[in-house]
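A.B. asks: Have a look; sequence and predicted model below, questions after that.
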Amino acid sequence: MVDVNTVTRPPFSMIENGRETGFTIELLQEIAHRQGWDLAVHRKDTFAEMLTGVRDAEVDLAAANISITSAREAEMDFSQPVFESGLQILVQAADVREPSLMKALLSWDLALAIGLAFLLLLVGGMFMWALERRAQPYFDRPLKEAWFPSFWWALNLVVNGGFEERVPRTAIGRMFGVMLVLSSLFIVSIFVAKITAVMTVDAISGSISSVNDLYGKRTGTIEGSTAAGFLQRRDIDYQGFETLDEMLAAFEAGDIRVVVFDAPVLNYYVQHGGSEYGRTIGSVFLREYYGFVFPQGSELTEQANRSLLEMQEDGSYEALYRSWFGRLN
């Protein structure tokens, strides 16, 4: 009988329809089948309790989303890596805003930029009218009729480079026309940059976009996890929880606004009902690997490693991975 400690960590270890399942559990079951092990799974309440049983050699191994770290390796033995993971940030759904082109186009900042551009074109066109009205037939019209043709000329000069038959004829007019063409590059650049800036600000306003934004935020994670170690190294204050259920309950209640934890666990939570409460943001960081963990010197470590290599060679590992996560990274 091979005694196994685990803890509930969907999608790696959980009970579904009364049976033990999850990616790591099914992977271990396949290894047990190949090695002729008879598994006895013991589901613990906390991650620390699960690992303590292995450290004290009370059980034969532990299986869940167990990160391979040097500190744990000093006290226990790890199998070959079974999953590549990392950390990610989960924030309250109310703190996430999707960028909206329509909202950006209707913003006051953009309206001000457009208004200033139109004013500059109108002023520039009228100044050209004053310079060219006696030299260029296009501008030969009274003031009350000149404002729109002059504005139209300036607009076409900026956008299209002007009209060949309406080239300024005075020396000052030509110099001013060249200045308008050169300034058009800045006008177009500012216009595009303003739309981009408004959309970017709208997307991140009131939310968190990276680890650097976690300072001063009500952040939570599992005590003793690699995420907790990461936050400690970055001097980011956080609230530690004993179990995943406790942490997610606090998040759903709004007691914490941010969760930093294993990316696949958080994404599974969002995809299976958690999207009402939160969204994962940003890319995965602090890449890490999961493995099975054994008491030091356990002969089962080598047996598990042989089966893992066989599964990778015969394609059964990839098939199991695809059944849980889709395409193999």
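C.D. replies: Sure thing, it's come through. This one's a predicted model, so the numbers in the text were calculated from it and none came from an experiment.

A.B. asks: In terms of helices and strands, where is residue 228?
C.D. replies: Per DSSP states H and E: residue 228 is located in helix 226-233.

A.B. asks: Next secondary structure after that helix?
C.D. replies: Next element after helix 226-233 (DSSP H and E): strand 239-241.

A.B. asks: and that next one, what does it pack onto?
C.D. replies: strand 219-222, helix 244-252 (3 or more C-beta pairs under 8 Å, 6 or more residues apart in numbering; DSSP states H and E). Just so you know, the C-beta spots here come from the backbone N, C-alpha and C atoms, and that holds for glycine as well.

A.B. asks: Ramachandran coordinates for the residue lying farthest from the centre of the chain?
C.D. replies: Each residue of the chain has a distance to the centre, and by C-alpha atoms, centre = their mean the biggest one is for residue 134: 61.4 Å. Dihedral angles of residue 134 (phi, psi; degrees, to the nearest 10) stand at phi -100, psi -10.

A.B. asks: That one touches residue 140, doesn't it?
C.D. replies: Yes - under the criterion of C-beta atoms under 8 Å, residue 134 makes contact with residue 140 at 7.2 Å.

A.B. asks: Export the helices and strands packed on strand 239-241 as CSV, with columns for distance to residue 236 and mean pLDDT.
C.D. replies: Output for the helices and strands packed on strand 239-241, formatted as CSV (distance: least, C-beta to C-beta, whole Å; pLDDT from 0 to 100):
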stretch, distance to residue 236, mean pLDDT
strand 219-222, 6, 96
helix 244-252, 16, 95
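
A.B. asks: most packed of those?
C.D. replies: strand 219-222 (a mean of 24; mean count of other C-beta atoms under 10 Å).

A.B. asks: who does that strand touch, helix- and strand-wise?
C.D. replies: Applying 3+ C-beta pairs under 8 Å, 6+ apart, one finds that strand 219-222 makes contact with helix 226-233, strand 239-241, helix 244-252, strand 258-262.

A.B. asks: just the angle between the longest one and strand 258-262, please?
C.D. replies: The one in question is helix 244-252. On the basis of axes from the mean of the first three to the mean of the last three C-alpha atoms, to 10 degrees, helix 244-252 is oriented at 150 degrees to strand 258-262.

A.B. asks: CA atoms only for helix 244-252, dumped as CSV, please.
C.D. replies: This file holds the C-alpha atoms of helix 244-252, laid out as CSV (Å, rounded to 0.1, in the frame of the first residue of the first chain):
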residue,chain,number,x,y,z
LEU,A,244,-7.4,27.9,-0.7
ASP,A,245,-11.1,27.9,0.3
GLU,A,246,-10.5,30.5,3.0
MET,A,247,-8.5,32.7,0.7
LEU,A,248,-11.1,32.6,-2.1
ALA,A,249,-13.9,33.2,0.4
ALA,A,250,-12.1,36.3,1.7
PHE,A,251,-11.6,37.5,-1.9
GLU,A,252,-15.2,37.0,-2.8
